[in-house]
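>>> Just need the structure, nothing else, for what follows:
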Amino acid sequence: MKRLLRNKLFAAGTLIVFFFMTVAVFAPFIAPYDPTLIQFDKTFLPPSGDFFFGTDDLGRDIFSRMVFGARVSMFVGLLSVAVSVFIGTSIGLVAGYYGRWVDSVLMRFTDIMLCFPSFFLILAVVAFLKPSLFNVMMVIGLTSWMGVARLVRAETLSLRARDFIVAAHLGGVSPVKILFKHILPNVVSVVIVSATLGVAGAILTESALSFLGLGAQPPTPSWGNILTAGKDNILFAWWLSFFPGIAILITVLGFNLMGEGLRDSFGGQ
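Got it, this is the predicted structure:
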């Protein structure tokens, strides 16, 4: 904890993430307007005192939509990474501990999954399903666990040869207890760093899917579908693309800084 508090990258990333988390949690109290309120007499208004980030083609307040859109990005990012971490950690632990044919089968399956370009795989799966936040979250989680699995497997292979694991095995401790009591706590640092960096990628993927119309569906606001509304009007309504783009950039930067700070701190152990 002392190392983390002294790490400037981690501190900067945490402040950014905490800010957007706060915005997402208190969105109903922060947003001045209903994000779905249509006002045809106030379309394409530039940023002003009444509408901080301007309005869109339907007269909806962009600032309010951005605030509620933070909920979508954080929700999808965190829960999809939770799914991928659970799958990747489970496969990595089993493959690294048991080795032999179990390791070969699981790692060859992982290699096959890595052969597919992840975004196009997600795009193909989502295209066959009904577009929804739940489907996006699950598909991102189910197609992004491979990196975690390989990292956890490598750490497990290293730990399996340590004296305390050999002693536990010779003492008759069950494999399940060895995995969860002795090995898992020692790979948590790797998992945390990978998960933090994974959230940034998940937020980018969700934004891209929403931009393509396969993520959050109208009238639910998300940074991606706000960008979609802005791409056709970028020449005279620049604020529709600028503000969600900056929000995505800063949020992803925050999670990446957190991940780098955690990596530096754990690496110093």
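
>>> can you give me the offset of the helix or strand harbouring A229 from its chain's centre?
Per DSSP states H and E, A229 falls inside helix 223-231. Computed by C-alpha atoms, centre = their mean, to the nearest Å, the separation of helix 223-231 from the middle of its chain amounts to 19 Å.

>>> and the next element down the chain from that helix?
Helix 223-231 is succeeded, C-terminally, by helix 239-267 (DSSP H and E).

>>> what angle sits between that following helix and helix 223-231?
Helix 239-267 and helix 223-231 are oriented at 140 degrees to each other (axes from the mean of the first three to the mean of the last three C-alpha atoms, to 10 degrees).

>>> Can you work out which other helices and strands pack against helix 239-267?
Applying 3 or more C-beta pairs under 8 Å, 6 or more residues apart in numbering; DSSP states H and E, we find helix 239-267 packed against helix 2-6, helix 8-25, helix 62-98, helix 184-211, helix 223-231. In this view, the C-beta of every residue, glycine as well, is placed from N, C-alpha and C.

>>> Export those to TSV and append columns for distance to Y33, mean neighbour count and mean pLDDT.
TSV is the format used below for those (distance: least, C-beta to C-beta, whole Å; neighbours: other C-beta atoms under 10 Å; pLDDT from 0 to 100):
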stretch	distance to Y33	mean neighbour count	mean pLDDT
helix 2-6	39	12	76
helix 8-25	15	17	90
helix 62-98	4	22	90
helix 184-211	21	21	86
helix 223-231	14	22	83
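
>>> Tell me which of these approaches F128 most closely.
The closest of these to F128 is helix 184-211. By C-beta to C-beta, the value is 13.5 Å.

>>> I62 is in contact with S48, correct?
No: using C-beta atoms under 8 Å, S48 is not in contact with I62, being 11.3 Å away.

>>> tell me, what's touching these two both at once?
G54 (C-beta atoms under 8 Å, 6 or more residues apart in numbering).

>>> returning to what we had before: to M146, which of the helices and strands packed on helix 239-267 lies closest?
helix 62-98 (6.9 Å).

>>> what's the offset of the closest one from the middle of its chain?
Helix 62-98 sits 5 Å away from the centroid of its parent chain (C-alpha atoms, centre = their mean).

>>> Can you name every helix or strand that it contacts?
Using 3+ C-beta pairs under 8 Å, 6+ apart, the elements in contact with helix 62-98 are helix 8-25, helix 27-30, helix 100-115, helix 133-142, helix 146-160, helix 184-211, helix 223-231, helix 239-267.

>>> can you list these in JSON lines and add distance to V81?
Shown next, in JSON lines, are those (distance: least, C-beta to C-beta, whole Å):
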{"stretch": "helix 8-25", "distance to V81": "13"}
{"stretch": "helix 27-30", "distance to V81": "21"}
{"stretch": "helix 100-115", "distance to V81": "17"}
{"stretch": "helix 133-142", "distance to V81": "7"}
{"stretch": "helix 146-160", "distance to V81": "9"}
{"stretch": "helix 184-211", "distance to V81": "4"}
{"stretch": "helix 223-231", "distance to V81": "17"}
{"stretch": "helix 239-267", "distance to V81": "10"}
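
>>> contacts for the helix holding A229?
By C-beta under 8 Å, 6+ apart, the residues outside helix 223-231 that reach it are 56-57, 62, 65-66, 69-70, 72-73, 206-213, 215-216, 218, 237-245, 247-248.
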